[in-house]
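*Asks:* After the sequence you'll find the predicted model.
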Amino acid sequence: MTTTSTIEPATRPRLPHLVWALAATHFVGRAGGVVRSFLVLYLTQAQHLSPATAGTVVAAVGLGDVGSQLLGGWLGDRIGRRNTMLAGFVGAAAALTALGSADSLAGIWVAAVAVGLTIELFRPAGSAAVADLPPQQRIRAFGLLYWAANLGFSVATVAAGILAKHGYGLLFWVNVLASLAAAVLVWRQVPETRPVASARTRRALLPVVLRDRLMLAMTALHVGYFTLFLQTFTTLPLLMAAGGLGPATYGAVLALNGIAVVALQPVAVRLLAGRAAHAVSAASMLLVGLGAGLGAVSHGTAGFAGSVLIWTLGQIGIAVRFGDTFAVLAPAELRGGYLGLASATWSVGAVLGPLAGTALLELAGPTVLGVTCAAGGLALFAAQRALGPALRRRTAAPEAGTFP
C-alpha cells in the first residue's frame with residue numbers, strides 16, 4: 001500500500017468535545033436499540049402475525065431506513081446537523097411507541113415505516129458534523145464513532161435477550177427511553193457545526209451528484225460491497241445449520257465479529273490512518289469477498305469462525321476510511337447530502353444482500369455462492385484500485401469536493 005502524509009501520533013491534536021459527545025450519543029442510541037433484533041419474534045409471538053407477514057413489516061422498516069439516510073443528509077444541510085439529530089431521536093421515540101401499541105396490521109405497517117424513517121436520521125447528520133472538522137481529525141473521529149456504535153450494538157444484543165424474557169413491551173420502553181436519552185445528549189452537548197456559508201449557498205443535491213462521476217462510481221461500488229458483506233449475516237446461519245451446527249454455535253461464531261471490531265478498531269485507526277484510502281478500501285473489500293467465500297464452503301466450526309474473522313478484518317478496514325473518503329468528495333455545503341447518500345449504500349445493501357445471497361444459495365448451492373463471493377471481492381478490489389488516481393486528484397484539489 002502507498003502512504004500519504006499524516007500527522008505523527010505524538011503530535012496529533014486531541015479530538016474536540018464534539019466528537020466525544022457524538023460517540024456517547026451513538027453508544028446510547030445503539031445500546032438501547034433492543035427492539036429491531038427481536039422485531040420478528042415480537043410480531044409472530046405477541047402480535048400473532050404469520051412469518052411472511054412479519055417479514056413484510058421488517059422489510060417496511062428497511063425501506064424506511066433507506067429513506068432516512070437520504071433524508072437525514074438532506075435535512076442536515078438544510079436545518080442543521082444538531083436539529084436533524086434531535087428530530088431523529090425524538091421522532092424515533094414516538095414511532096417506536098406507536099409500533100409497540102399498534103393493534104392493527106395497517107397501524108403496524110405505518111409505524112414500521114415511521115421507525116425506519118426516523119431511527120437512522122442521526123447517522124448522516126452526525127457524519128456531516130464530523131466531516132465539518134479539520135481533515136486531520138476526521139479519520140480518528142469517524143473511527144471513534146464506529147467503535148462506539150459497535151460497542152453499543154454488542155451491549156444491545158446481550159441486553160435484548162435478557163429483557164425479552166420479561167416481555168416484549170419492556171424492549172419497546174427501553175428503546176424509547178434510550179432514544180430520548182440520546183436526544184438529551186445532543187441537546188446539551190452537541191453544538192451546531194454546519195458551515196455558516198452553506199446556508200447561503202445552497203445548491204440542489206441531485207444535479208451536483210449527477211455531474212460528479214467519481215461520487216456516482218463510489219456509490220455504486222459501495223452498494224456492491226455492502227450487498228456482498230451483508231448477505232453473510234443471512235447465509236451464514238443457513239450454512240451452519242446445514243452443517244449440523246445449532247443456534248448456540250452460530251451465536252458464538254458471530255460474537256467473534258463484535259469482539260474483533262471492539263478490540264481491533266482503535267488499532268486499525270492508528271495503523272491505517274496514513275495509508276492511501278483507495279488502497280485500504282480495495283484490500284478490505286477483497287478480504288470480505290474471500291472471507292465470505294470461505295464461509296460458504298466451510299463444514300466445521302473452525303472454518304466458519306475463520307471466515308468471520310477474515311471478513312471482519314475487511315469490515316474494519318472499510319469503516320476506518322469510509323467516512324473521511326466520502327467527506328473529501330463532498331462540497332462543503334452538501335456534506336450532509338453526500339454522507340447521507342454514502343450511508344444509504346449500506347441500507348440498499350441490507351435489502352439486496354439477503355435477497356441475493358439466499359437466492360444464490362438455494363438455486364446454485366454453497367460452492368457457487370462461495371466462488372461468487374470470492375469473485376465479487378476480486379472485482380471490487382480491482383474497481384476500487386482503478387478509482388485510486390481520481391480519488392488522489394480530488395484529495396489534492398485546492399478545495400475539497402471540487403470537480404469539473
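*Replies:* Structure's in. What do you need? Numbers count the residues shown, from 1 in each chain.
*Asks:* isn't residue 240 right next to residue 304, touching?
*Replies:* Yes - applying CB atoms under 8 Å as the test, residue 240 and residue 304 come out as touching, 5.8 Å apart. Placement of C-beta: from N, CA and C, glycine included.
*Asks:* Need the residues touching each of those two.
*Replies:* The contact sets of residue 240 and residue 304 overlap at residue 253 (CB atoms under 8 Å, 6 or more residues apart in numbering).
*Asks:* dump the residue contacts of residue 318.
*Replies:* The neighbourhood of residue 318, defined by CB under 8 Å, 6+ apart, consists of 225, 281, 284, 285, 288.
*Asks:* Next up, identify which helix or strand the third one is on.
*Replies:* Remark: residue 284 resides in helix 277-297, with elements defined by DSSP states H and E.
*Asks:* CA atoms only: put that helix into CSV for me.
*Replies:* Output of helix 277-297 as CSV, limited to C-alpha atoms (Å, rounded to 0.1, in the frame of the first residue of the first chain):
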residue,chain,number,x,y,z
ALA,A,277,-7.8,5.5,1.3
HIS,A,278,-8.4,3.7,-2.0
ALA,A,279,-5.7,1.0,-1.2
VAL,A,280,-7.2,0.4,2.3
SER,A,281,-10.7,0.1,0.9
ALA,A,282,-9.6,-2.2,-2.0
ALA,A,283,-7.8,-4.6,0.3
SER,A,284,-10.7,-4.6,2.7
MET,A,285,-13.2,-5.4,0.0
LEU,A,286,-11.0,-8.3,-1.1
LEU,A,287,-10.8,-9.6,2.4
VAL,A,288,-14.6,-9.5,2.8
GLY,A,289,-15.1,-11.4,-0.5
LEU,A,290,-12.5,-14.1,0.4
GLY,A,291,-13.9,-14.4,3.9
ALA,A,292,-17.5,-14.8,2.7
GLY,A,293,-16.3,-17.3,0.1
LEU,A,294,-14.5,-19.4,2.7
GLY,A,295,-17.6,-19.4,4.9
ALA,A,296,-19.7,-20.7,2.0
VAL,A,297,-17.5,-23.8,1.5
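*Asks:* what's the average pLDDT for the helix or strand that it is followed by?
*Replies:* The helix or strand immediately downstream of helix 277-297 is helix 301-329, counting by DSSP H and E. Average pLDDT, helix 301-329: 90.
*Asks:* Tell me how far helix 301-329 lies from the chain's centre.
*Replies:* The chain centre lies 11 Å from the centre of helix 301-329; the measure is CA atoms, centre = their mean, to the nearest Å.
*Asks:* Tell me the predicted confidence for the closest residue in space to residue 175 that isn't next to it in sequence.
*Replies:* The shortest distance from residue 175 to any non-neighbouring residue, by CB to CB, 6 or more residues apart in numbering, is to residue 35 (4.5 Å). On pLDDT, residue 35 comes in at 85.
*Asks:* Then the one 4 residues further on?
*Replies:* In this prediction, residue 39 carries a pLDDT score of 80.
*Asks:* what's the next secondary structure element after the host helix or strand of it?
*Replies:* Per DSSP H and E, residue 39 falls inside helix 39-41. Using DSSP H and E, the helix or strand that follows helix 39-41 in sequence is helix 51-78.
*Asks:* Check the offset of that following helix from the chain's centre.
*Replies:* Centroid separation between helix 51-78 and its chain, computed with CA atoms, centre = their mean, is 13 Å.
*Asks:* mind listing what's buried in it?
*Replies:* If you call a residue buried by 16 or more other CB atoms under 10 Å, then helix 51-78 has these buried ones: 54, 57, 60-77.
*Asks:* And the contacts of residue 318, which is the shakiest by pLDDT?
*Replies:* residue 281 (93).
*Asks:* Name the residue closest to the centre of this structure, please.
*Replies:* Residue closest to the average C-alpha location in the chain (CA atoms, centre = their mean): residue 346, at 5.6 Å.
*Asks:* The nearest residue to that one once chain neighbours are set aside sits in which helix or strand?
*Replies:* The shortest distance from residue 346 to any non-neighbouring residue, by CB to CB, 6+ apart, is to residue 226 (5.0 Å). Per DSSP H and E: residue 226 is located in helix 213-230.
*Asks:* just to revisit the earlier point, so which of the contacts of residue 318 is the closest to residue 146?
*Replies:* Nearest to residue 146 out of those is residue 284 (CB to CB; 13.2 Å).
*Asks:* Show me which positions of the lowest-mean-pLDDT helix or strand in the chain end up buried.
*Replies:* Counting by mean pLDDT, DSSP states H and E, the chain has its least confident helix or strand at helix 39-41, which shows a mean of 76. With burial defined by 16+ other CB under 10 Å, the residues of helix 39-41 counted as buried are residue 39.
*Asks:* Next: stretch 278-286.
*Replies:* Within stretch 278-286, the residues scored as buried using 16+ other CB under 10 Å are 278, 279, 280, 281, 282, 283, 284, 285, 286.
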